[in-house]
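Engineer: Whatever this is, show me its structure:
(one chain, ligands or ions: 1)
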Amino acid sequence: MGHVTVAAAEEILDKEVKVLDKGFVRLVDYYGSDARIVQSARVSYGAGTKSVREDKMLIDYLWMNEHTSPFEQVVFTFHCKLPIFVARQWIRHRTARLNEISGRYSVMKSEFYVPDMDSISFQSKDNKQGRSHDEVPKELRQKVLDTIKSTNEFAYEKYESMIEDGIARELARISLPLNLYTEWYWQIDLKNILHFLKLRMDHHAQYEIREYANAMADTVKRVCPFVWESFEEHTLHGAKLSKTEIGLLESIFKNKDVDKTSLVFRQLAKKLSFLA
Ligand SMILES: Cc1cc2nc3c(=O)[nH]c(=O)nc-3n(C[C@H](O)[C@H](O)[C@H](O)COP(=O)(O)OP(=O)(O)OC[C@H]3O[C@@H](n4cnc5c(N)ncnc54)[C@H](O)[C@@H]3O)c2cc1C
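Structural biologist: A predicted model of the protein is given here:
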């Protein structure tokens with residue numbers, strides 16, 4: 001079997017999917033599909049193609065049991081435009097290969113991420129890494145936007161003037177803010193993009209990187225619809241329980257008294273929201 005295309009993926013190939021105010025993700029290329037995973041997994045048993053139903057069941061079995069190597073046979077290449085602060089979080093996912101625009105070689109464009117009025121939030125009091133749901137007064141939100149915009153304009157004007165004075169681009173750029181947009185080509189296999197999506201689609205991840213993860217999730221779903229179903233079932237909407245949590249669940253099933261104020265109950269209720 002050579003390179004087999006998937007109709008749903010071909011529809012979005014090379015098309016920019018808008019993310020945030022000026023960013024995008026664009027699927028440049030992909031290799032493989034559900035069929036490639038099945039084909040490579042069956043090499044273990046020397047068996048050929050079976051029915052679609054059996055293929056789907058095999059994929060689900062492999063994913064559920066963390067037999068992940070066949071999932072590394074599928075590869076995606078994306079062209080992304082993203083703010084530098086998002087890129088810093090993104091780059092922690094070490095198994096990808098990437099090539100980024102060079103601020104030493106090119107003059108950076110005056111393109112800065114400015115959040116929506118609605119996503120301006122207070123610092124959360126219970127989550128040190130997150131935003132609060134309390135409403136920020138409109139005047140304060142406007143003040144924040146004005147501050148971000150004027151800081152960007154000031155920094156870019158100084159950058160341009162250093163460039164005009166003939167200062168090296170690699171030096172002039174160091175005073176540009178973290179919300180400047182950068183671009184890269186990012187290539188990753190299916191197993192590792194699913195790991196990325198699990199972490200970055202989660203509500204604990206910062207809103208801005210979540211927006212990119214959500215955009216790429218649609219691509220993965222198009223290329224490998226069976227895998228996506230298993231990923232949603234066992235990973236995205238599934239839950240991993242500790243020994244103590246399983247013990248507590250057993251007590252609940254056996255109608256024993258449980259301390260609903262305990263840390264372990266609260267942890268379990270977070271994972272199994274129906275308990276809350
Ligand atoms: C909500 C959230 C908050 C975070 N907060 C912080 C923070 O405050 N500070 C901070 O520094 N980071 C933070 N991170 C980043 C986090 O700690 C991880 O670095 C990041 O999520 C990448 O995860 P990973 O290492 O599993 O992924 P990857 O690097 O993609 O690795 C995927 C898998 O490959 C394995 N692997 C990768 N490279 C190697 C290698 N060289 N050798 C052996 N195994 C390898 C990994 O163990 C992992 O199982 C945060 C992440 C999230 C999602």
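Engineer: Tell me which stretches of the stretch 51-200 of the chain form strands.
Structural biologist: 75-83, 97-100, 181-189 (DSSP state E, counting those that start in this stretch).
Engineer: closest one to the ligand among those strands?
Structural biologist: In terms of Cβ to the nearest ligand atom, the element of the strands of the stretch 51-200 of the chain nearest to the ligand is strand 181-189, at 8.3 Å. C-beta: built from backbone N, CA, C; applies to glycine.
Engineer: who in the stretch 151-276 of the chain is up against the ligand?
Structural biologist: Residues of the stretch 151-276 of the chain lying near the ligand by Cβ under 6 Å from any ligand atom: Asn192, His195, Leu199, His204, Ala205.
Engineer: From these, pick the one nearest Glu11.
Structural biologist: Using Cβ to Cβ, Asn192 is the member of those that lies nearest Glu11, at 24.2 Å.
Engineer: What residues does the residue nearest the centre of the chain make contact with?
Structural biologist: The residue lying closest to the centre of the chain (Cα atoms, centre = their mean) is Ala213, at 2.8 Å. Ala213 sits next to Phe196, Leu197, Arg200, Met201, Ala205 when contact means Cβ atoms under 8 Å, 6 or more residues apart in numbering.
Engineer: What is the burial count for the residue lying closest to it once chain neighbours are set aside?
Structural biologist: Distances taken as Cβ to Cβ, 6 or more residues apart in numbering place Arg200 nearest to Ala213, at 3.8 Å, with adjacent residues excluded. Arg200: 23 surrounding residues under other Cβ atoms under 10 Å.
Engineer: how far away is Arg200 from His93?
Structural biologist: With distances taken as Cβ to Cβ, to the nearest Å, Arg200 is found 8 Å from His93.
Engineer: Would you map the helices across the stretch 151-276 of the chain?
Structural biologist: 169-172, 190-200, 207-223, 225-231, 243-253, 263-271 (DSSP state H, counting those that start in this stretch).
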